[in-house]
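Engineer: Generate coordinates for the sequence data below:
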Amino acid sequence: MPTPGRARVIVLAGPSGAGKSRLAARLGLPVLRLDDFYRNGSDPVLPLITEGANAGLIDWDDPAAWDHEDALAAVEKLCATGSAEVPIYDIARNGRCGSQSIDLQGAAYFLAEGIFAQEIVRECDERGLLAGAYCVTQHRAVTFWRRLVRDLRERRKPPLVLVRRGLVLMREQPEVVARAVALGCREVGPDQAHDEIRALLR
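Structural biologist: So this is what the prediction gives:
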């Protein structure tokens, strides 16, 4: 159980479209959306795609496109104080568009979910903040389709870019999962993750 007065984080990593946000909604815990810590599109340190049809575009699937330190600081503050001010990111506009306050309202656990969530697992564990870390996965075809439907609905990028990106991500999904596992996550399906986390909360 968490130390009295101190919350702990449950990390939900996994490929984009694998069902992390749906799982978080089912669990009903406070959620820190780690994808809101993307860097602004004007940031000069953003990595670029170097080959393929999307060469020259920003590589939003590279962890370097994400502000690791800001995300980790938000997790630490939520664990220590129960509240934090965090950014709101607009993917369609490639930038932060405001901020919001997250208040755990006394909850002993909260979720941190996003495609780069695995990048903070080791540090959270070393600092005594981690309650569990899961890499949520589904069949590559299911992930591809759900991601494409969501991204088209939200008009995140031009359709052709989304299709090309989605095909690349479908091929690379095993590597994404393997990296998350190497960084301390357990590979699970959404239903298994749900059941295990609900058991943790009892």
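Engineer: quick one: contacts for R26?
Structural biologist: H194 (Cβ atoms under 8 Å, 6 or more residues apart in numbering). Where C-beta positions appear, they are placed from N, C-alpha and C, glycine not excepted.
Engineer: Can you tell me the SS state at it?
Structural biologist: Classification of R26 using DSSP: H, G, I helix; E, B strand; the rest coil returns helix.
Engineer: Look at it and report its pLDDT.
Structural biologist: pLDDT recorded at R26 is 94.
Engineer: gap between it and D35?
Structural biologist: Distance check for R26 against D35: by Cβ to Cβ, to the nearest Å, it reads 18 Å.
Engineer: now D125
Structural biologist: Note on D125: its distance to D35, by Cβ to Cβ, is 21 Å.
Engineer: quick one, which of the two is more surrounded?
Structural biologist: Neighbours per residue (other Cβ atoms under 10 Å) separate D125 from D35, with D35 holding more: 18 against 15.
Engineer: Show me the strands in the protein, by range?
Structural biologist: Taking DSSP state E, the strands of the chain run over residues 8-13, 31-33, 83-90, 95-103, 109-113, 130-136, 186-188.
Engineer: looking at those, which is closest to D43?
Structural biologist: Proximity to D43, assessed across those by Cβ to Cβ, is greatest for strand 95-103 (9.2 Å).
Engineer: Next, the buried residues of the closest one.
Structural biologist: For strand 95-103, a neighbour-count test (16 or more other Cβ atoms under 10 Å) marks 96, 102 as buried.
Engineer: got the buried residues for the least confident helix or strand in the chain by mean pLDDT?
Structural biologist: Using mean pLDDT, DSSP states H and E, helix 140-153 stands out as the lowest-scoring helix or strand of the chain, at a mean of 87. Residues 140, 143-144, 146-148, 151 are the ones in helix 140-153 that count as buried (16+ other Cβ under 10 Å).
Engineer: Ok, stretch 63-76 next?
Structural biologist: Under 16+ other Cβ under 10 Å, the buried positions of stretch 63-76 are 65-67, 71-72, 74-76.
Engineer: Enumerate every residue touching H68.
Structural biologist: Applying Cβ under 8 Å, 6+ apart, the residues near H68 are 37, 116, 119-120.
Engineer: Let's have these in TSV, adding pLDDT.
Structural biologist: Conversion of these to TSV gives the following (pLDDT from 0 to 100):
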residue	pLDDT
F37	96
F116	95
E119	97
I120	97
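Engineer: ok, back up a step: tabulate the buried residues of helix 140-153 (CSV), appending distance to C185.
Structural biologist: Shown next, in CSV, are these (distance: Cβ to Cβ, whole Å):
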residue, distance to C185
R140, 18
T143, 16
F144, 21
R146, 20
R147, 19
L148, 24
D151, 23
